[in-house]
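Chemist: How does the following fold in three dimensions:
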Amino acid sequence: MFEKVNPNHPDKIADRIAGAIVDLAYKKNYMPKIAVEVLIGHNHCHVITETSEHFTKNEIKAIIRRLAGNVKVDYKEYKQDAHLAQNQNDGFKCGDNGIFKGVPITEEQKRLKFIAREIYGLFPYDGKYILNKGFLTICQSNAQSKILEKIYPKSLVNPLGEWSGGINVDTGATNRKLGSDMADSVTGGGLHGKDLSKADVSINIYAFLKAQRTGKPVEISCSIGDDYIDGKPYRDIVEIAREYIKNLGGFEKFAEWGLL
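Modeler: I've put the predicted structure just below:
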């Protein structure tokens, strides 16, 4: 059983905004320190950053309005706690305690990953999809159900009827759809709105990739200040994650679909 949401689900819009702000931080500094929280809905977007880089409100507004339209913006910016920032003074070290899990993707998850992208290509609006032992449920806004029923026979399409979704119907928040982004690899740490020094980003990516490569589940724990993880220098794990994000096209692109 697996649920997937598309990039125009309100929670994913929040993730994408957070990712775009992290991308902007990396344009200002090769190794920024940043964490972003976004709450959006009903014509308002609230953003809080803890960051080493300064952003103008106009820079933040430009990102939000590109991804969410002409909504009201509330932006608050704070410096990272000085004590926590010192942890990285002499090189990358694990910035938090955590337990991380990577699990190989199942055939069912691969199939829904493909279906979600296929539907989104036809209807680029808020939507979510469930595949459970071969049975597909489609909830797709701004779409004619008859069209989807022809493409996906024997599926349940819009069981409550045709609907319009998005941020004027629902609210979105960063990292609220980790099950969609990580499948069975989901852990307590959020993937989005954070720089690569954060274990929640780099170790989750590393564990996921290792699980796909080996075909076996991977479990990793770390403590704040660790400079070796899974027998590797933490810097190496950060660089593996950096290359992964780079190949996707950045943190905003990463936020669209997550790890699968």
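Chemist: From the opening residue of stretch 171-183 to its closing one, how far?
Modeler: The first residue of stretch 171-183 is 22 Å away from its last residue (C-alpha to C-alpha, to the nearest Å).
Chemist: Off-centre distance for it?
Modeler: Centroid separation for stretch 171-183 versus its chain: 7 Å, with C-alpha atoms, centre = their mean, to the nearest Å.
Chemist: Show me which residues of it are buried.
Modeler: Of the residues in stretch 171-183, Gly172, Ala173, Thr174, Asn175, Arg176, Lys177, Leu178, Ser180, Asp181, Met182, Ala183 count as buried by neighbour count, 16 or more other C-beta atoms under 10 Å. Just so you know, the C-beta spots here come from the backbone N, C-alpha and C atoms, and that holds for glycine as well.
Chemist: do stretch 69-89 as well
Modeler: Buried, per 16+ other C-beta under 10 Å, within stretch 69-89: Val71, Val73, Tyr75, Gln80, Asn87.
Chemist: What mean pLDDT does it get?
Modeler: The average of the pLDDT scores along stretch 69-89 is 85.
Chemist: A strand includes Gly8, no?
Modeler: Actually, residue 8 is Asn. It isn't Gly. No. Using DSSP: H, G, I helix; E, B strand; the rest coil, the secondary structure at Asn8 is coil, not a strand.
Chemist: and it, what does it touch?
Modeler: Counting by C-beta atoms under 8 Å, 6 or more residues apart in numbering, Asn8 touches Tyr120, Pro124, Tyr125, Asp126, Gly127, Gly165, Gly166.
Chemist: Which one of the residues you listed is nearest to Ile245?
Modeler: Among these, Tyr120 lies closest to Ile245 (C-beta to C-beta), at 21.1 Å.
Chemist: Which residue, other than its chain neighbours, is closest to that closest one?
Modeler: Once flanking residues are discounted, Tyr120 sits nearest to Asn6: 4.4 Å by C-beta to C-beta, 6 or more residues apart in numbering.
Chemist: Do you have the helices of the stretch 101-250 of the chain handy? List them.
Modeler: Ranges of helices in the stretch 101-250 of the chain, per DSSP state H, counting those that start in this stretch, are 107-122, 145-151, 178-182, 199-214, 234-248.
Chemist: Show me what the helix or strand just after the last one is in contact with.
Modeler: Moving toward the C-terminus from helix 234-248, the next helix or strand (DSSP states H and E) is helix 251-257. The set of residues that contact helix 251-257 without belonging to it, under C-beta under 8 Å, 6+ apart, is 7, 12, 15-16, 18-20, 22-23, 26, 113, 116-117, 181, 191-192, 245, 248.
Chemist: Return a ChimeraX selection command for the buried portion of the residues you listed.
Modeler: Typed into ChimeraX, the line below selects the buried ones among the contacts of helix 251-257, using 16+ other C-beta under 10 Å:
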select :7,12,15,16,18,19,20,22,23,26,113,116,181,191,192,245
